[in-house]
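Chemist: structure for this input, please:
(chains A and B)
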Amino acid sequence: MSEVDKNQVIVPIGPQHPSLDEPGCFTITLEGEKVVNAIIGVGYNHRGLEKACESRNYFQNLYIIERVCGICSHTHSTAFCRAVEELTGVTVPARAEYIRVVVAELERLHSHLLWLGTACHEIGYDTMFMYTWRNREKVLDILAAVGGNRVNYGVNTFGGVRRDLDEAIVSAILKTVDTLEDEINHYLEIATTETTLMSRLVGVGRLSHEDAIKFGAVGPVARAAGIMDDIRVIEPYGAYKEIPVKAITDTRADVYGRTVVRILEMLESLSIIRYCLKNLPAGVIAVKVPRRVPAGEVLIRVEAPRGECIHYVRSNGTEMPDRVRVRAPSEANWHGMKHMLEGGYLADVPITIAAIDPCYSCTDRAVAVHSEMDSKVMDWRELREYGNEWYKKHGVDVSALVL
Amino acid sequence: MNREEEIVGILVKKFPFLQDRISVKKEKRIFTGALSRDEFEKIVRYVHDDMNLFRAHHVVGTDEGENIGLLYILSGDDNILLALREVVPKANPAVKSISDMYASIVLHERELADLFGAVFEGLPEGPSYPLPDGWPKGNYPLRKEWNPKYFNKETMTYEPPKEGEEKE
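Modeler: Predicted coordinates for the structure are as follows:
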């Protein structure tokens, strides 16, 4: 803050926002409207879950791990289950592997629909926000029917799954898939033809192919820059070894590219779900796994809606792990954020941050940096008064305006 | 010979001290045993510059008793994960940051600095991560000896029982 030039302004965005559950603090230095520097501050939500895992048994930890993220809970529980299954040498029944994939792709659908709505909201396109979230409700209804919860479905367990898919639920999923296909195709048409939306997203938050590699971008952020890093394809796991998966990539390397990638991925998810339900193997859905896990260590990679998710588990032969480490995809995508923001405009900061699919936090206060390097922290009331005075000096009196 | 064994062969030939200290755990997974700081620095420079392992996925911190383990996970075009395990003593946990080679490792190294007390030489300045402002110095929550039940969240103080005294 002390190294800003005169006439530069620092705007701290975050860390708290009333509607978002993942606080972050973005200290943006502006020259006019242009972002010249950005400091990314994350870590407000660190809950010590990994330490907690070390003093609980694997079954208790499954509940903790599923709560690492409310959006991709199934991804985390899948990765953790795979880790324990690999350490114990257990083979998961084929039917369970297929059910895991069905739930994973439903999760990808609801995550991408949620993202699409949020992204549209960030650029003031609230009609699209309403439509996509309406569709997301249909997916959540299905997930609730499968697992009993809208989030944290509790479908996974060590050695398989806890919930089977009967004919009625299969039929309901297929019906929802058909409805969603029409709707998502419509969103694709809007995204590729609606000039207002395109002009708002094209060229925004660029992260080139080279920079995406340099900063370790993953998931739709990397794939929109032409990097094919879909774990379902490059390192297929579970039923993905048998299911045809088309990895979606784009070359635009901006927020628009990330939007198109996610919409196309939703259509691919629908195909995967249909394939799974058509080829759902018969048989049991779980096998027993010993409570004591032999000593060893594993690195598991799975494809979360936001990209590569890594779980490291080290066991010591007891009922409790020695070490659990979760590297969620958003953690990888923060490294490129500074690069994506710098050179862009303040108005594009929200959508650029949203485009990696975290939640972003809104302004809680502003710091005005005056000439002669003076700086002052203002609350909202002071900032309004300062603004009113500034406008009054320039011939506009807005002080009577009630907000 | 598959690609994993080929990589192990290249590394053992270049660094004979890796003999019997590097193994293919399974398809797409290669792990090394404990490496000293000096050994690690030589290997990581080589795999970055000469083997084109351009991606650093993560670094996992582990408690190794008197030491801290840093498991660096790297990969290249073949998507094989190479896990290099650097081990340094807790008494002097100084390590060289690899952020000059891998820009994607900064946040993960910051985390190990906060949670394990590793001291990274060459890590760019920036906000700490992930512990909050005001976190008491010398408290590294992911070290095994640090017990959360002795941490007072209100006063942000850590008060373990004195020797011979067990706190309720």
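Chemist: what about residue A:194, how many residues nearby?
Modeler: Residues near residue A:194, counting by other Cβ atoms under 10 Å in any protein chain shown, number 14. All C-beta atoms are positioned from the backbone trio N, CA, C, and that covers glycine.
Chemist: and if you look at the one 5 residues further on?
Modeler: For residue A:199, the number of neighbouring residues by other Cβ under 10 Å comes to 11.
Chemist: element containing it, please.
Modeler: Remark: residue A:199 resides in helix A:195-201, with elements defined by DSSP states H and E.
Chemist: residue of chain B nearest chain A, please.
Modeler: residue B:104 (2.6 Å; Cβ to the nearest Cβ).
Chemist: residue contacts, that residue?
Modeler: Under the criterion of Cβ atoms under 8 Å, 6 or more residues apart in numbering or on different chains, the neighbours of residue B:104 are A:214-216, A:332, A:335, B:55-57.
Chemist: residues contacting the helix holding residue A:199, please?
Modeler: Residues contacting helix A:195-201 (Cβ under 8 Å, 6+ apart): A:120, A:123, A:125, A:128, A:190-192, A:254-256, A:259, A:351.
Chemist: thinking again about what came up before, so which of the contacts of residue B:104 is the most crowded?
Modeler: Of all the contacts of residue B:104, the most densely surrounded is residue A:332 (29 neighbours; neighbours counted as other Cβ under 10 Å).
Chemist: filter the contacts of residue B:104 down to just the ones in helices.
Modeler: A:214, A:332 (DSSP state H).
Chemist: tell me the SS of the closest residue in space to residue A:67 that isn't next to it in sequence?
Modeler: Leaving out its chain neighbours, the residue that sits closest to residue A:67 by Cβ to Cβ, 6 or more residues apart in numbering or on different chains is residue A:152, at 6.2 Å. Under DSSP: H, G, I helix; E, B strand; the rest coil, residue A:152 falls in the coil class.
Chemist: which residues belonging to stretch A:191-200 are considered buried?
Modeler: By neighbour count with 16 or more other Cβ atoms under 10 Å in any protein chain shown, stretch A:191-200 contains the buried residues A:191, A:197, A:200.
Chemist: per-residue confidence at the first one?
Modeler: What the model reports as pLDDT for residue A:191 is 93.
Chemist: chain center to the strand or helix carrying it, what's the gap?
Modeler: According to DSSP H and E, residue A:191 maps onto helix A:167-193. Averaging C-alpha positions (Cα atoms, centre = their mean, to the nearest Å) puts helix A:167-193 21 Å from its chain's average.
Chemist: can you confirm residue B:9 is in a helix?
Modeler: Yes. Inclusion of residue B:9 in a helix is indicated when three-state DSSP is applied.
Chemist: confidence score at it?
Modeler: 97.
Chemist: go on, residue A:358?
Modeler: Confidence score, pLDDT, at residue A:358: 67.
Chemist: and if you look at residue A:363?
Modeler: pLDDT, read off for residue A:363, is 21.
Chemist: now swap in the one 4 residues further on and tell me
Modeler: According to the model's per-residue confidence, residue A:367 sits at a pLDDT of 32.
Chemist: again with residue A:17
Modeler: So, for residue A:17, pLDDT stands at 52.
Chemist: same thing with residue A:32?
Modeler: For residue A:32, pLDDT reads 89.
Chemist: burial count for it?
Modeler: Neighbours of residue A:32 (other Cβ under 10 Å): 11.
Chemist: give the contact list for it.
Modeler: Residue A:32 neighbours (Cβ under 8 Å, 6+ apart): none.
Chemist: again, but for residue B:147
Modeler: Residue B:147 touches residue B:160, counting by Cβ under 8 Å, 6+ apart.
Chemist: Three-state assignment for the closest residue to residue A:150 other than its chain neighbours, please.
Modeler: Once flanking residues are discounted, residue A:150 sits nearest to residue A:140: 4.6 Å by Cβ to Cβ, 6+ apart. The three-state label given to residue A:140 by three-state DSSP is helix.
Chemist: how close does the residue nearest to residue A:67 get to residue A:289?
Modeler: Residue A:152 sits 21 Å away from residue A:289, going by Cβ to Cβ, to the nearest Å.
Chemist: restricted to buried residues, select the contacts of helix A:195-201 in ChimeraX.
Modeler: The following ChimeraX line selects those of the contacts of helix A:195-201 that are buried, judged by 16+ other Cβ under 10 Å:
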select /A:120,123,125,128,190,191,254,255,256,259,351
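Chemist: quick one: the contacts of helix A:195-201 as a markdown table, columns for distance to residue B:67 and secondary structure too.
Modeler: A markdown table is the format used below for those (distance: Cβ to Cβ, whole Å; DSSP: H, G, I helix; E, B strand; the rest coil):
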| residue | distance to residue B:67 | secondary structure |
| --- | --- | --- |
| A:120 | 50 | helix |
| A:123 | 50 | coil |
| A:125 | 54 | coil |
| A:128 | 53 | helix |
| A:190 | 56 | helix |
| A:191 | 52 | helix |
| A:192 | 55 | helix |
| A:254 | 45 | coil |
| A:255 | 44 | helix |
| A:256 | 48 | helix |
| A:259 | 47 | helix |
| A:351 | 45 | helix |
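Chemist: just give me the closest of the contacts of helix A:195-201 to residue B:96.
Modeler: residue A:254 (35.3 Å; Cβ to Cβ).
Chemist: do I have it right that the closest one meets residue A:209?
Modeler: No. Taking contacts as Cβ atoms under 8 Å, residue A:254 lies outside contact range of residue A:209: 11.9 Å.
Chemist: for the chain, which spans come out with low pLDDT?
Modeler: Here I'm looking at chain A. A:1-4, A:16-22, A:358-377, A:379-380, A:401-403 (pLDDT under 70).
Chemist: meant chain B, my bad for not saying
Modeler: B:1, B:165-168.
Chemist: switch to 90 and redo it
Modeler: Scanning chain B for pLDDT under 90 picks out the ranges B:1, B:125-135, B:153-156, B:160-168.
Chemist: give me phi/psi at the residue most central in space within it?
Modeler: Residue closest to the mean C-alpha point of chain B, counted by Cα atoms, centre = their mean, is residue B:70 at 1.7 Å. Backbone dihedrals for residue B:70, given as degrees, to the nearest 10, come out at phi -130, psi 110.
Chemist: mind listing what it touches?
Modeler: Contacts of residue B:70 by Cβ under 8 Å, 6+ apart are B:59-62, B:85-88, B:95, B:112, B:118.
Chemist: ok, 6 Å please
Modeler: B:59, B:86 (Cβ atoms under 6 Å, 6 or more residues apart in numbering or on different chains).
Chemist: please apply the same query to residue A:138.
Modeler: For residue A:138, counting by Cβ under 6 Å, 6+ apart, the contacting residues are residue A:176.
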